[in-house]
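> Everything below, folded, please.
(2 chains)
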Amino acid sequence: GAVVSQHPSWVICKSGTSVKIECRSLDFQATTMFWYRQFPKQSLMLMATSNEGSKATYEQGVEKDKFLINHASLTLSTLTVTSAHPEDSSFYICSARGPTLRATNEKLFFGSGTQLSVL
Amino acid sequence: AQKVTQAQTEISVVEKEDVTLDCVYETRDTTYYLFWYKQPPSGELVFLIRRNSFDEQNEISGRYSWNFQKSTSSFNFTITASQVVDSAVYFCALSEEDNAGNMLTFGGGTRLMVKP
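The predicted structure is shown next:
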């Protein structure tokens, strides 16, 4: 199968600190990864598209200086929440475009998510 | 612009009942993909199905079945003989790109509670 590993699973930090979340494709190369945010009991909203070797594309309303995305290799994209505040507390989840699995027809693979709590 | 609507925010059933989760979508593209994901309390997204816009055949996988009706822009999901382990939030999603490996627009989700 195609596995996407996301770390950390959860993080608690003080207001004003920066937090880095990693998304790795373990057994395939991912030129494109996506970052989503999910507030409690709400849906997943696309934040940005991360492209290897180039700048990320942010969705409307997402502050690129606040949410820094780096996709420096074909297997790793990072999301850094800079100067985090309580309103940034959310569930962040990444996905990567990979090979189509014959058994399931799946082509998009999700990480397990990161729960960020900012105190 | 694309949009996915899951009108049912919460559904509660008793074990062994059948339950249908509704999904209605909007898109201007003629080529698109529809998905269903399950999100248990642990948070990860569990892929259930991907269907392209040219394949209107209904699909059955064990206790799960999907009804794709292009005429009504709906892609409903039925769980037969529900079990407690089916309790989760279910998301319907849409991708407008033709390679299906692209960004997803999610519906608001339906929280399913199956009581013993």
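
> Please count neighbours and contacts with C-alpha atoms only from this point.
Fine.

> now chain A, which segments are flagged as low pLDDT?
Counting by pLDDT under 70, chain A contains low-confidence ranges at A:1.

> Quick one: name the residues of it near chain B.
A:34, A:42-46, A:49, A:97-98, A:104-108, A:110-113 (CA under 8 Å from any CA of the partner chain).

> give me that answer again for 10 Å
When proximity is defined as CA under 10 Å from any CA of the partner chain, chain A approaches chain B at A:9, A:32-36, A:38, A:41-46, A:48-49, A:91-93, A:95-100, A:104-115.

> hmm, which of these are the buried ones?
A:9, A:32-36, A:38, A:43-46, A:48-49, A:91-93, A:95-100, A:106-115 (16 or more other CA atoms under 10 Å in any protein chain shown).

> Excluding sequence neighbours, find me the nearest residue to residue 54.
Let's take chain A. Leaving aside its sequence neighbours, residue A:54 sits nearest to residue A:71 (CA to CA, 6 or more residues apart in numbering or on different chains; 7.5 Å).

> Can you look at chain B instead?
Leaving aside its sequence neighbours, residue B:54 sits nearest to residue B:31 (CA to CA, 6+ apart; 7.4 Å).

> from memory the one you found sits against residue B:53, does it?
Yes - judged on CA atoms under 10 Å, residue B:31 makes contact with residue B:53 at a distance of 5.7 Å.

> And the strands in chain B?
For chain B, the strands defined by DSSP state E occupy B:3-5, B:10-14, B:19-21, B:24-26, B:33-39, B:46-52, B:59-61, B:64-69, B:74-79, B:88-95, B:105-106, B:110-115.
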